[in-house]
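1. Structural data only, the sequence is not supplied:
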């Protein structure tokens, strides 16, 4: 994913910064504790598609 795109993408819920986790193929919003998938190089910025980070915190 281009760094220019990452600079303008924000969380759709809180409008906060996102962190790209390349190995996981996700964009993470630490404020909302959500991970949005990146499929075929395209970020899927839908809350219904996001994975909660709280669910994996206890693992």
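-> Received it, and whenever you're ready, just let me know what you need. The structure displayed is predicted, hence computed values, not measured ones. Numbers count the residues shown, from 1 in each chain.
2. In three-state terms, label the nearest residue to residue 44 once chain neighbours are set aside for me.
-> Nearest non-adjacent residue to residue 44, counting by C-beta to C-beta, 6 or more residues apart in numbering: residue 37, 5.0 Å away. For every residue, glycine as well, the C-beta is placed using N, CA and C. When classified by DSSP: H, G, I helix; E, B strand; the rest coil, residue 37 comes out as strand.
3. Which stretches in this structure count as strands?
-> Applying DSSP state E to the chain gives strands spanning 19-21, 26-29, 34-39, 42-43, 51-52.
4. where along the protein do the helices fall?
-> With DSSP state H, the ranges of helices along the chain come out as 3-8, 54-57.
5. Just want the most central residue of this structure.
-> For the chain, the residue nearest the mean C-alpha position is residue 27 (2.4 Å; C-alpha atoms, centre = their mean).
6. before we move on, the earlier item: so in terms of bridging, what pairs with the residue nearest to residue 44?
-> residue 26 (DSSP bridges).
7. and it, how many residues sit next to it?
-> By the criterion of other C-beta atoms under 10 Å, residue 37 has 16 neighbours.
8. Quick check: it touching residue 49?
-> Yes - with contact defined as C-beta atoms under 8 Å, residue 37 and residue 49 form a contacting pair (6.0 Å).
9. Save the strands of the chain as TSV, and put in mean pLDDT and distance to residue 7 too.
-> Compiled in TSV, the strands of the chain are given as follows (pLDDT from 0 to 100; distance: least, C-beta to C-beta, whole Å):
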stretch	mean pLDDT	distance to residue 7
strand 19-21	95	11
strand 26-29	96	12
strand 34-39	96	15
strand 42-43	92	13
strand 51-52	96	23
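10. Could you single out the most deeply buried of those?
-> strand 26-29 (a mean of 22; mean count of other C-beta atoms under 10 Å).
11. tell me what that strand is packed against?
-> Using 3 or more C-beta pairs under 8 Å, 6 or more residues apart in numbering; DSSP states H and E, the elements in contact with strand 26-29 are strand 19-21, strand 34-39.
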